[in-house]
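# structure for the following, please:
(3 chains)
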Amino acid sequence: MAISAAPYICSMKELMTIEKPALFSFRECLWFLDRGYDDCLFRIHDQQLTRFILLDGKPILFRISDAGNSLAVHLLHGSVSDHQLPLLRNHIMDWFDMNKDLSPFYALLQRDKKLQYMPKDFEGLRLISITDLFEALCWSIIGQQINLTFAYKLKRRLVEAFGTALTYEDHTYHLFPSPEKLRSLSVEDLRPLQYSQSKAKYLIGIAQAFAEKKLSYEMLAALKDFNAMQQALIAHKGIGVWTANYVLMKTMRVPNAIPYGDVGLLKALETHEIIKERNETEKIERFFKKYKGWEAYLVFYLWRSLAPPVFQTK
DNA sequence: AACCAGGCTGCGC
DNA sequence: GCGCAGCATGGT
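Numbering: from 1, shown residues only, chains lettered A, B, ... in the order given. Presented below is the predicted three-dimensional model:
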């Protein structure tokens, strides 16, 4: 499937601007999205972010850029009617968690001797979400037990083979494949892309569950209770505690969905000398208790800490 | 070249 | 319920 967009000169239409809340840094957010991995679901260049999505079921290509006190959103392909504008605005604000007041979290960090550098060094970094539950589940299954460089390669192969592509001004943008598309595949279709037997099986199984409406965002969100949501996910093959918690954290920002055992999290806890050994689970739980309500953000900021601050070289 | 990767399942106890 | 082998393959 391919869509080609006519490369009109000056075809970009400004759809809207979105006012930046306090403690919001587009630059910090871009740093996270562009931290050295090859993500095929958006493109960043010249401090601008371009992405291809389905809005209200219709494909659009849009670009976000920094406009001082606000973000500017331009339309590059497709159309957005007046009544769809709020949908796009909500999509972007949810993606960057722009409705949240971070000051209580920063107050907690400031009280912590080992982490009190974070509010300044990472100021305005938001917990950037994966806006689609199916994509989030597939992505976390792909990423299980392999390094991220390889995981992004696997994702790209899947998306390029089975997703919808759109070429605009010499760059190709992609939609993540639909559950209906992935459910139609067999394990043999994914083996040449270097998916393991089990990863292939899990992905197809999850796609089936979505296509048959046995699992959906709405279904999960309706549960409210964290344990119930976790169990609803773990019931599916290929989803364990880590995956369930990672996905709940990245799609819904469920604060107590801590991906315990995550190697990145453990590494960060070690470098901050919060733990000495990776098996000190009680110590980790005690540590997280100090951040009640902000656990997901804490994990995100600890991941952020694994790389140098974006402003360091400036 | 060994050891590690943003783990999970299935088995034996 | 808990521990552990096996998985499967690229990165460093």
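
# please name the bridge partners of A:Thr50.
Residues in a beta bridge with A:Thr50, per DSSP bridges, are A:Arg43, A:Arg63.

# which residues does it contact?
A:Phe42, A:Arg43, A:Ile44, A:Leu61, A:Phe62, A:Arg63, A:Ile64, A:Leu76, A:His171, A:Tyr173 (CB atoms under 8 Å, 6 or more residues apart in numbering). Heads up, the C-betas are built off the backbone N, CA and C, glycines and all.

# from those, keep the buried residues only.
Among the contacts of A:Thr50, those classed as buried by 16 or more other CB atoms under 10 Å are A:Arg43, A:Leu61, A:Phe62, A:Arg63, A:Ile64, A:Leu76, A:Tyr173.

# distance of A:Trp139 from A:Asp56?
Distance of A:Trp139 to A:Asp56, computed by CB to CB, to the nearest Å: 23 Å.

# for these two, indicate the residue with more neighbours.
Higher neighbour count among A:Trp139 and A:Asp56: A:Trp139, with 23 against 11, using other CB atoms under 10 Å.

# and that one, what is it in contact with?
A:Ile130, A:Ala151, A:Lys155.

# what's the burial count for A:Lys224?
9.

# which SS state does A:Glu218 fall under?
Using DSSP: H, G, I helix; E, B strand; the rest coil, the structure places A:Glu218 in helix.

# shouldn't A:Leu158 be in contact with A:Ile142?
Yes - between A:Leu158 and A:Ile142 there is a contact under CB atoms under 8 Å: 7.5 Å.

# look up how far DNA strand C lies from the nearest residue to A:Asp262 once chain neighbours are set aside.
Spatial nearest neighbour of A:Asp262, chain neighbours left out: A:Trp242 (6.3 Å); criterion: CB to CB, 6 or more residues apart in numbering. For A:Trp242, the distance to DNA strand C (CB to the nearest atom of the strand, to the nearest Å) stands at 13 Å.

# before we move on, what about A:Gly78?
With distances taken as CB to the nearest atom of the strand, A:Gly78 is found 34 Å from DNA strand C.

# what number of residues lie near the residue nearest to that residue when sequence neighbours are not counted?
With CB to CB, 6+ apart as the measure, A:Ile60 is the residue that lies nearest to A:Gly78, at 3.5 Å, once sequence neighbours are left out. By the criterion of other CB under 10 Å, A:Ile60 has 20 neighbours.

# tell me which helix or strand comes right after the strand or helix carrying A:Ile60.
Taking DSSP states H and E as the definition, A:Ile60 sits inside strand A:58-67. Next along the chain after strand A:58-67, taking DSSP H and E as the criterion, comes strand A:70-77.

# from the contact counts, what lies against that next one?
Contacts defined by 3 or more CB pairs under 8 Å, 6 or more residues apart in numbering; DSSP states H and E place strand A:70-77 against strand A:13-19, strand A:58-67, helix A:85-95, strand A:165-168.

# go through that strand and flag the buried ones.
So, applying 16+ other CB under 10 Å, buried residues of strand A:70-77: A:Leu71, A:Ala72, A:Val73, A:His74, A:Leu75, A:Leu76, A:His77.

# surely A:Asn252 touches A:Glu218?
For residue A:252 the amino acid is Met, not Asn. No - the pair A:Met252 and A:Glu218 does not pass the contact test of CB under 8 Å, sitting 11.7 Å apart.

# more crowded one of those two?
More neighbours surround A:Met252 than the other of A:Met252 and A:Glu218, with 18 against 8 (other CB under 10 Å).

# what's the neighbour count on the closest residue to that one other than its chain neighbours?
Of all residues not flanking A:Met252 in the chain, A:Ala221 sits nearest, at 6.8 Å (CB to CB, 6+ apart). Look at A:Ala221: counted by other CB under 10 Å, it has 12 neighbours.
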